[in-house]
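Q: Please find the sequence and the predicted model below.
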Amino acid sequence: MILQIKELSDLATRVLSAERLEHTLKVAEWAEELARHHGLDPVKARCAGLAHDLAKEIPLNNQLRFARRWKLLHYPEDEQSPYVLHGPVAAYWLEHYYGLKDVEVIAAVANHTLGRPGMCRLEMLIYSADLTESSRDFPKVDILRQSLYDDLEKGTLACVEHTLIYLRESKRPIHPLTQLTYDDLQRRQSIGTGS
């Protein structure tokens, strides 16, 4: 499938609740704005934003079943916290059932919840846009938005750090990929290999 905003928008409209669709459209809009600002492909950014939560409302037991069948489980935490699987499930579905070939968009969808070491700029953008889209109103969200606008990689590092702090404070488990993502982004900043 060649990236087509209308096709992905129609798909999101068909499979998502009104509330989830509203969030999805805001992520897509913010992702496109950030992409234009940072010199990335705005069509890819909007498409990844539209696709990022396509599997979010599939019942967790079904997401887990799909993840097992498609060999998407890589950590014990994947099975223990199946709510982290909707990105990889949606990415696999888009690639193998819809014929989506764009590897950056597939990776951005797959990794928008947990991140991963070595994220490309589109992956960073979707990870961060999901956290900071316009309806999010947690403390310091405006600081994160500005940070993303100023520097995509530093802004993404701030978003991952915010997530880690939130998980620790709420006594929720931290997936190894999120910690590895944070460590990788910190290392990239410290040695100057950032974007």
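A: Yep, that arrived.

Q: Name the residues that touch stretch 30-44?
A: Outside stretch 30-44, the residues that touch it by CB atoms under 8 Å, 6 or more residues apart in numbering are 3, 5, 45-46, 48-49, 102, 104-105, 108, 121-122, 125-126, 128-129, 132-134, 148-149, 152. Using the backbone N, CA and C atoms, a C-beta is placed for each residue, glycine as well.

Q: Please, where are all the helices along the protein?
A: 5-15, 18-38, 42-51, 60-69, 76-80, 86-96, 103-110, 121-132, 141-150, 152-169, 176-191 (DSSP state H).

Q: any idea how far stretch 111-122 is from the chain center?
A: In terms of CA atoms, centre = their mean, to the nearest Å, the centre of stretch 111-122 is found 7 Å from the chain centre.

Q: Give the rounded mean pLDDT of it.
A: Across stretch 111-122, pLDDT averages out at 98.

Q: would you turn the helices of the chain into TSV with mean neighbour count?
A: Putting these into TSV (neighbours: other CB atoms under 10 Å) gives the following:
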stretch	mean neighbour count
helix 5-15	15
helix 18-38	19
helix 42-51	26
helix 60-69	15
helix 76-80	14
helix 86-96	22
helix 103-110	23
helix 121-132	26
helix 141-150	16
helix 152-169	18
helix 176-191	16
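
Q: phi, psi of the residue nearest in space to the middle of the chain?
A: The chain has His112 as the residue nearest its centroid, 1.6 Å off, counting by CA atoms, centre = their mean. With angles defined as degrees, to the nearest 10, His112 sits at phi -70, psi -20.

Q: That one reaches Met124, doesn't it?
A: No. Using CB atoms under 8 Å, His112 is not in contact with Met124, being 9.9 Å away.

Q: Please report how far His175 lies from Tyr83.
A: 10 Å (CB to CB, to the nearest Å).

Q: Out of these two, name the residue with the larger neighbour count.
A: Applying other CB atoms under 10 Å to His175 and Tyr83 shows that His175 carries more neighbours, namely 20 against 9.
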